[in-house]
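[1] sequence below, structure please.
(one chain, ligands or ions: 1)
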Amino acid sequence: MAKKISDLTGDFPILDQSINSERFAYLDNAATAQKPNAVVDKLVDFYQHDNANVHRGVHTLAERATEQYEAARVKVQHFINAADSREIIFTKGCTDGLNLVASTYGSTNVHEGDEIVISIMEHHSNLIPWQQLAIQKGAKLKYIEMTDEGTLDMEDAKQKITDKTKIVAVAHASNVMGTINPIKELAALAHDHGAVFVGDGAQSVPHMPVDVQDLDVDFYAFSGHKMMGPTGIGVLYGKAELLRNMPPYQYGGEMIASVHRDHTEFADIPFKFEAGTQHIAGAIALGTAIDYLNELGMDEVAAREQELVDYVLPQLEALPYVTVYGPQDPKDHTGVIAFNMDNLHPHDVATALDAEGVAVRAGHHCAQPLMEALGVSATTRASFYFYNTKEDADQLIKAIKATKEFFNGGII
Ligand code: C6P
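    Coordinates of the predicted model:
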């Protein structure tokens with residue numbers, strides 16, 4: 001039977017505690033999501049009953065572990081609607097997946113004088129690999145700027161993506177402003193110019209239905225831990241034809257067909273890109289997180305977050321001493337909201353909110369060029385997931401007002 005968002009009672013014991021003697025509102029989901037019991041239990045169950053290395057043994061546990069690991073790959077395939085499970089590569093996380101593409105596809109297809117196009121709102125994980133590749137190859141790195149509204153400037157994208165472009169790499173959703181980017185349009189633009197499109201799905205896959213075939217992205221990376229899976233496991237989706245033509249990322253066990261004294265034949269995809277023992281339990285537990293999300297339904301998950309943003313964003317925008325960055329219209333937003341309070345450093349704000357039981361993140365959010373474009377050095381960021389409630393939103397607003405009052409000597 002499908003699970004209802006209104007009935008998650010007991011699934012997330014971590015949320016059910018007081019912090020600093022206050023009710024706990026966990027609003028740091030963009031950094032990492034909390035894990036339901038089902039995911040934690042799966043990890044324990046695997047290690048207690050089925051633990052073995054995969055693809056290597058013929059004994060019963062090895063077969064059980066392999067079966068579950070490969071079943072997890074198929075779950076991921078269906079979750080993002082990839083055409084083939086061999087297009088799903090297990091990685092350490094989103095960062096690892098993006099580095100994989102830059103150092104394999106990138107290093108063989110980008111040459112001197114070529115161009116790589118990213119956006120100004122990229123997380124460093126989807127920026128530095130391309131920046132370093134451009135430096136190594138003598139290629140040019142170009143940035144698509146954003147509008148005053150905090151959305152991607154598509155007119156600028158049309159100018160920046162040209163026949164010189166080899167790779168376009170953009171986040172599906174910003175980890176700072178919550179902006180949802182039109183990556184289907186960007187992928188089409190890239191293809192019109194013979195370039196490939198790399199999507200950073202770290203802040204989208206956990207929060208909305210994603211269909212990689214419909215988006216027609218060539219590569220798409222995301223992390224398990226932001227969608228309730230364990231840390232240390234992630235996914236890189238790549239179109240089979242591209243993956244097959246790429247050199248391996250790392251060399252070692254598991255990724256070979258045969259090894260000789262002077263040469264090696266590599267395994268077919270996905271194994272060619274999974275050298276060494278992988279995070280087997282992590283992949284299996286990520287499969288459990290996907291089961292959980294499927295039971296809720298990704299449309300429901302997205303609708304719930306929309307409901308929360310509809311509720312909280314106008315309240316934040318109405319506070320005269322608060323500046324919200326990014327789209328003003330809740331419908332252009334994921335559950336990620338960045339803001340600053342007048343004359344207060346975001347770290348002080350986050351510390352004050354913590355004292356009120358509200359967990360948020362403060363800093364540059366690994367997006368320093370974006371901070372520069374916004375004209376700030378840091379922001380406070382509240383990020384919601386489907387298990388958050390209107391009470392959490394109320395507590396955030398109340399805590400912001402209390403912080404203002406505290407730093408203003410009692411005057412709001
Ligand atoms: N953003 C945040 O608090 P890893 O660390 O590999 O799981 O994910 C990297 C990453 C890549 N792209 C985007 C858009 C991201 O948001 C992140 C991770 C976290 O915003 C940690 S810095």
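
[2] is the closest residue to residue 170 other than its chain neighbours in a bridge, and if so with what?
    Excluding the flanking residues, the one nearest residue 170 by C-beta to C-beta, 6 or more residues apart in numbering is residue 119, at 4.8 Å. (Glycine included, C-beta is placed from N, CA and C.) Beta-bridge partners of residue 119, counted by DSSP bridges, are residue 144.

[3] and the stretch 301-412 of the chain, which residues reach the ligand?
    Within the stretch 301-412 of the chain, the residues that sit near the ligand (C-beta under 6 Å from any ligand atom) are 361, 365-366.

[4] pLDDT below threshold where in this protein?
    For the chain, the stretches with pLDDT under 70 are 1, 410-412.

[5] report the contact partners of the spatially most central residue of it.
    Closest residue to the average C-alpha location of the chain: residue 202 at 0.9 Å, with C-alpha atoms, centre = their mean. Residue 202 makes contact with 94, 123, 125, 171, 175, 221-223, 226, according to C-beta atoms under 8 Å, 6 or more residues apart in numbering.

[6] would you format the residues you listed as a markdown table with distance to residue 12 and secondary structure included?
    Below are the contacts of residue 202 laid out as a markdown table (distance: C-beta to C-beta, whole Å; DSSP: H, G, I helix; E, B strand; the rest coil):
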| residue | distance to residue 12 | secondary structure |
| --- | --- | --- |
| 94 | 23 | helix |
| 123 | 26 | coil |
| 125 | 27 | helix |
| 171 | 27 | strand |
| 175 | 22 | coil |
| 221 | 26 | strand |
| 222 | 21 | strand |
| 223 | 19 | strand |
| 226 | 15 | helix |
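
[7] and the residue nearest to residue 170, how far from the ligand?
    Relative to the ligand, residue 119 is positioned 11 Å away (C-beta to the nearest ligand atom, to the nearest Å).

[8] run a quick neighbour tally on that residue.
    By other C-beta atoms under 10 Å, 28 other residues sit near residue 119.

[9] hmm, residue 142 and it touching each other?
    No - Residue 119 is beyond contact range of residue 142, at 9.8 Å (criterion: C-beta atoms under 8 Å).

[10] beta partners of the closest residue in space to residue 395 that isn't next to it in sequence?
    Distances taken as C-beta to C-beta, 6+ apart place residue 25 nearest to residue 395, at 4.4 Å, with adjacent residues excluded. Beta-bridge partners recorded for residue 25 (DSSP bridges): residue 358.

[11] and the helix or strand hosting residue 290, what other elements does it pack with?
    Assessed by DSSP states H and E, residue 290 sits inside helix 280-296. Secondary-structure packing of helix 280-296 (3 or more C-beta pairs under 8 Å, 6 or more residues apart in numbering; DSSP states H and E): helix 37-45, helix 60-79.

[12] so which bits of it are buried?
    Residues 280-293, 296 are the ones in helix 280-296 that count as buried (16 or more other C-beta atoms under 10 Å).

[13] show residues contacting it.
    Identification of contacts with helix 280-296 by C-beta under 8 Å, 6+ apart yields 2-5, 35-36, 38-39, 42-43, 46-47, 51, 53-54, 65, 68-69, 71-73, 75-76, 79, 90, 206, 224, 227-233, 235, 301, 386.

[14] related to what we said a few turns ago, give me the common contacts of residue 119 and residue 142.
    Counting by C-beta under 8 Å, 6+ apart, no residue touches both residue 119 and residue 142.

[15] rewinding a little: now, the residues of the stretch 301-412 of the chain next to the ligand that are in strands?
    Using DSSP state E, residue 361 are the members of these that sit in strands.

[16] I'd like to know which of the residues of the stretch 301-412 of the chain next to the ligand is nearest to residue 147.
    residue 365 (19.7 Å; C-beta to C-beta).

[17] which residues of the stretch 101-250 of the chain fall in strands?
    115-119, 140-144, 165-171, 196-200, 219-223, 234-238 (DSSP state E, counting those that start in this stretch).
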